[in-house]
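Trainee: Here is the input, now give the coordinates:
(chains A and B)
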Amino acid sequence: MSSESSPSENADRPDRRPLIAFAWLWVGAPLCYGLYELVQKATQLFTG
Amino acid sequence: MAPPGWSRWLVPPAALSIHLSIGQAYAWSVFKPPLESALGLSGTQSALPFQLGIVMLGLSAAFGGTLVERNGPRWAMTVALVCFSSGLLIASLGAATEQYWLIVFGYGFVGGIGLGIGYISPVSTLIKWFPDRPGMATGIAIMGFGGGALIASPWSAQMLESFGSDSSGIALAFLVHGLSYAVFMTLGVLLVRVPRGDRPAGDGPSGPSALSGVQVSARSAVRTPQFWCLWIVLCMNVTAGIGILEKAAPMIKDFFADSSTPVSVSAAAGFVALLSAANMAGRIGWSSTSDLIGRKNIYRVYLGVGALMYASIAWFGDSSKPLFIICALVILSFYGGGFATIPAYLKDLFGTYQVGAIHGRLLTAWSTAGVLGPLIVNWIADRQEEAGKHGSALYGLSFSIMIGLLAVGFVANELVRPVHPRHHIPAPAPKEAVDVQREQSV
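Mentor: Residues are numbered from 1 along each chain as shown, chains lettered A, B, ... in the order given. Modelled structure (predicted):
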């Protein structure tokens, strides 16, 4: 169990935060584009 | 297999890269008008690639689930990438040579296999990485399937506008789609990891669920009443949602045609977009809520409150537009929530052992509902129109049937009990359990 691993063992492990940020940006950017287009269209319900 | 210290927060984007891509299937309608004019097709003919794709999704998810469990998520995501992208490339060749059968075969048959394998590929892995929040984890991935259409719809439309709507423009659009999705899905293939037998460092309260607790194989699961109760639950919930989703734009226009505030074409399009947003929000929102209140309770809400929403629409008719819109949004959020919560419900009942394969088999309920929902609403609306009815009266009977179907689903959910021990696989010793899991995932 990792909770039992030594501090030096944990220090050897690479920092995954940049990879996590990149991965979420990779999927988040196109999703934001889709949501933006969706909001544009949805507002027509109240203005159309 | 995840190396030590691999973060479980890398797995949801891996899953999303697959689901956001294959969700493009729901934006097929963008290609229909250009194909019809370029190749001289009827509306029915131009729908064939999508219809075959959905059939192949159901078949490959049902029959390929065991392979996905055996070979692991990276294999499954690679198959999904190759099939989905090469399907688009074959479709590109078909458009360039004006051979429509190649588009049907490429997008529908080859691409459809990618849809089915891709849809179930991350489910089991996500549940193993997030045993404390399986609803949230699968909700994120399955939300991606809805999100895929939101991205592809404007993107494909802009591409066709730039390249032209003749056969060479369509061919170029398919080519760019195929190559772009191949690159986009590669992230999933590279990042997905099966959890190790131990707990990931500093990454949540618990690690992967090794083979502990109740475990049922896919072969045994389909022989249990629980599987068929959930099949009915999913089928009824999806039917009720599709009933509105499939006919949303004409429905809101018909509903308020005789009222003092009729709905314009652009406002109806806005209503459809808002329903898509509710569908997506329900997938992540309700599925995450199920981690807190339990799977059976959340389906009580989907089915029980869903029936009340339909009853409210039927009862108040065209007297209140905001009420109609709110009720429709709630129903659609339950529709999305029902899809996203079912893998976690399966995990609760059958364990993580072959949950992906069981989920694949359960998706046949989706295929059935996909036929049932539109059939009920369209057939009844046509008959009512022939009988001289108009406005909200066109849909009254359909809504009553939907309430009945949701009631059937509610009863089926109430009948769900823990699986009888005779269906459980024998529990291995703790070390063996981890070894078995490792063998499965290599």
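Trainee: Against which helices or strands is the host helix or strand of residue B:310 packed?
Mentor: Using DSSP states H and E, residue B:310 sits in helix B:306-316. Applying 3 or more C-beta pairs under 8 Å, 6 or more residues apart in numbering or on different chains; DSSP states H and E, one finds that helix B:306-316 makes contact with helix B:225-245, helix B:321-350, helix B:396-414. To be clear about C-beta, it is placed using only N, CA and C from the backbone, and glycine gets the same treatment.
Trainee: Mind putting those helices into CSV with distance to chain A?
Mentor: Output for the helices and strands packed on helix B:306-316, formatted as CSV (distance: least, C-beta to the nearest C-beta, whole Å):
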stretch, distance to chain A
helix B:225-245, 15
helix B:321-350, 8
helix B:396-414, 21
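Trainee: Format those as CSV; extra columns: mean neighbour count and distance to residue B:300.
Mentor: Listed next are these as CSV, based on neighbours: other C-beta atoms under 10 Å in any protein chain shown; distance: least, C-beta to C-beta, whole Å:
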stretch, mean neighbour count, distance to residue B:300
helix B:225-245, 24, 10
helix B:321-350, 24, 11
helix B:396-414, 20, 6
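Trainee: List the residues that contact residue B:87.
Mentor: B:106-114, B:178 (C-beta atoms under 8 Å, 6 or more residues apart in numbering or on different chains).
Trainee: How about residue B:314?
Mentor: Counting by C-beta under 8 Å, 6+ apart, residue B:314 touches B:395-396, B:399-400, B:403.
Trainee: what's the spacing between residue B:154 and residue B:185?
Mentor: Distance, residue B:154 to residue B:185, using C-beta to C-beta, to the nearest Å: 20 Å.
Trainee: before we move on, back to that, will you turn the helices and strands packed on helix B:306-316 into CSV that also has mean pLDDT?
Mentor: Below are the helices and strands packed on helix B:306-316 laid out as CSV (pLDDT from 0 to 100):
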stretch, mean pLDDT
helix B:225-245, 92
helix B:321-350, 94
helix B:396-414, 94
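Trainee: can you redo those helices as a markdown table with distance to residue A:29?
Mentor: As requested, the helices and strands packed on helix B:306-316 are exported to a markdown table (distance: least, C-beta to C-beta, whole Å):
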| stretch | distance to residue A:29 |
| --- | --- |
| helix B:225-245 | 27 |
| helix B:321-350 | 22 |
| helix B:396-414 | 38 |
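Trainee: closest one to residue B:68 among the ones you listed?
Mentor: Proximity to residue B:68 (C-beta to C-beta) singles out helix B:321-350 among the helices and strands packed on helix B:306-316, at 12.8 Å.
Trainee: Give me the helices and strands touching the following helix or strand past that closest one, please.
Mentor: Scanning forward in sequence from helix B:321-350 by DSSP H and E, the next helix or strand is helix B:355-362. On a contact count with 3+ C-beta pairs under 8 Å, 6+ apart, helix B:355-362 meets helix B:48-71, helix B:111-120, helix B:123-129, helix B:218-221, helix B:225-245, helix B:321-350.
Trainee: Just checking the third one against chain A, any contact.
Mentor: No: taking C-beta under 8 Å from any C-beta of the partner chain as the criterion, helix B:123-129 and chain A are apart, separated by no less than 13.4 Å.
Trainee: Buried ones in that helix, by neighbour count?
Mentor: By neighbour count with 16 or more other C-beta atoms under 10 Å in any protein chain shown, helix B:123-129 contains the buried residues B:123-129.
Trainee: just the residues you listed now: which is nearest residue B:318?
Mentor: residue B:123 (41.4 Å).
Trainee: ok, the closest one touching residue B:359?
Mentor: Yes: in this structure, residue B:123 is within contact of residue B:359 by C-beta atoms under 8 Å, at 5.4 Å.
Trainee: hey, what's in contact with both of these two?
Mentor: Shared contacts of residue B:123 and residue B:359 (C-beta under 8 Å, 6+ apart): residue B:343.
Trainee: Go through the helix or strand in which residue B:283 is found and flag the buried ones.
Mentor: Using DSSP H and E, residue B:283 sits within helix B:265-293. Neighbour counts using 16+ other C-beta under 10 Å place B:267-291 of helix B:265-293 among the buried residues.
Trainee: now do stretch B:54-67
Mentor: Here stretch B:54-67 shows B:54-62, B:64-67 as buried, counting by 16+ other C-beta under 10 Å.
Trainee: which two from these end up farthest apart in space?
Mentor: Of all pairs drawn from the buried residues of stretch B:54-67, the widest gap by C-beta to C-beta lies between B:54 and B:66 and measures 21.3 Å.
Trainee: what residue ranges in chain A are flagged as low confidence?
Mentor: Chain A contains residues with pLDDT under 70 at A:1-12, A:48.
Trainee: residue contacts, residue 23?
Mentor: Reading this off chain A. Residues near residue A:23 by C-beta under 8 Å, 6+ apart: B:10, B:13-14, B:187, B:191.
Trainee: meant chain B, my bad for not saying
Mentor: B:144-149, B:151-152.
Trainee: out of residue B:154 and residue B:185, which sits in the more crowded spot?
Mentor: Shown here are residue B:154 and residue B:185; by other C-beta atoms under 10 Å in any protein chain shown, residue B:185 has more neighbours (26 against 18).
Trainee: which SSE is that one in?
Mentor: Residue B:185 belongs to helix B:167-191, assigned by DSSP H and E.
Trainee: now that helix against helix B:111-120, angle please.
Mentor: Angle, helix B:167-191 to helix B:111-120, by axes from the mean of the first three to the mean of the last three C-alpha atoms, to 10 degrees: 30 degrees.
Trainee: Off-centre distance for helix B:167-191?
Mentor: 21 Å (C-alpha atoms, centre = their mean, to the nearest Å).
Trainee: List, out of the buried residues of helix B:265-293, those positioned next to chain A.
Mentor: Among the buried residues of helix B:265-293, chain A is touched by B:267-271, B:273-274, B:276-277 when using C-beta under 8 Å from any C-beta.
Trainee: gap between the two ends of stretch B:29-46?
Mentor: 9 Å (C-alpha to C-alpha, to the nearest Å).
Trainee: So for the stretch of helix or strand residue B:162 belongs to, mean pLDDT?
Mentor: Residue B:162 is part of helix B:134-163 when elements are defined by DSSP H and E. In this model, helix B:134-163 has a mean pLDDT of 92.
Trainee: For residue B:381, which residues are in contact?
Mentor: Contacts for residue B:381 (C-beta under 8 Å, 6+ apart) come out as B:247, B:254, B:394-395, B:398.
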